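> here is the input, now give the coordinates:
(2 chains)
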Amino acid sequence: MKKNLLISDQPLSLDQCYDFILSDECGGNAIFVGTVRNHNKGESVKHLDFDTYEAMALKVMDEVADEAIEKFNIEKIVLHHRKGMVSISEKAVIIAVSSAHRDGAFQACRYAIDELKKRVPIWKKEYLENGSYWVNAHP
Amino acid sequence: MKIKCFGISRDITGADEVEIDISSNGISVSKLKGELLASYPGLSMVSQFFIAINHEYGGENDVINVDDEVAIIPPVSGG
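This is a model prediction of the structure:
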């Protein structure tokens, strides 16, 4: 298995991602972790809520993983994303990639998080001091 | 036909799924968007939205059939 995909309402595990990508053939391992920031556009953020169209999200994550493998000739890739309520400083997303050399690992990791943010049907609602809003929803 | 709603589109329609009547010949994505905007004018406040057909992004001219799984996809914001 080259790919490991997960959408979970439980805390994400870095160890689980790292264990999956480790390979005797690989000398370059890149991991990106997106955590929940306590501010956005000058407002104090209390927590986030992720809504997901899970069946489609997993399908698009699978496509992104296949593209990363194809484009950058990497060995293994992990895409894990939280759903539901997520607190400040918690991990919202983990991308982990292993490759023979570091270039492919860095590039594939960057590609996967960028494409995930563009295409995977997951929606972030930010809860502020006074109310809440869906990120990116309005012009 | 039932249409799934997520994110801001769920808030606007007030439901996880909405029902739109379509003919047995199906309906194009652009026409369905027009029907949705007519039924839920609040959707015009969203910067843009896509229609997913069977877990894939639909093109404007793609035709949706009655037994397809269809969803409104407002601008995504994962990660």
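> helix, strand or coil for the spatially most central residue of chain A?
In chain A, the centroid-proximal residue (Cα atoms, centre = their mean) is residue A:93; its distance is 3.3 Å. Following DSSP: H, G, I helix; E, B strand; the rest coil, the label given to residue A:93 is strand.
> please apply the same query to the one 10 residues further on.
Residue A:103 falls in the helix class when you classify it by three-state DSSP.
> quick check: it touching residue A:27?
No - contact criterion Cβ atoms under 8 Å: residue A:103 and residue A:27 do not qualify, at 11.2 Å. For every residue, glycine as well, the C-beta is placed using N, CA and C.
> show me what the host helix or strand of residue A:57 is in contact with.
Taking DSSP states H and E as the criterion, residue A:57 maps to helix A:54-72. In this structure, residues lying in contact with helix A:54-72 by Cβ atoms under 8 Å, 6 or more residues apart in numbering or on different chains are A:2-3, A:5, A:7, A:74, A:77, A:79, A:81, A:83, A:97, A:99, A:104-105, A:107-108, A:111-112, A:115-116, A:119-122, B:52, B:55-56, B:71, B:78.
> quick revisit: wait, isn't the residue nearest to the centre of chain A in contact with residue B:78?
Yes - using Cβ under 8 Å, residue A:93 is in contact with residue B:78, at 7.0 Å.
> got any residues that touch both of these two?
A:81, A:116.
> partner residues bridging the residue positioned nearest the centre of chain B?
The centre of chain B sits closest to residue B:72, judged by Cα atoms, centre = their mean, with a distance of 3.5 Å. Beta bridges link residue B:72 to residue B:51 when assigned by DSSP bridges.
> need the residues of chain A near chain B, please.
Within chain A, the residues that sit near chain B (Cβ under 8 Å from any Cβ of the partner chain) are A:34, A:50-53, A:55-57, A:59-60, A:81, A:92-93, A:113, A:116-125, A:134-139.
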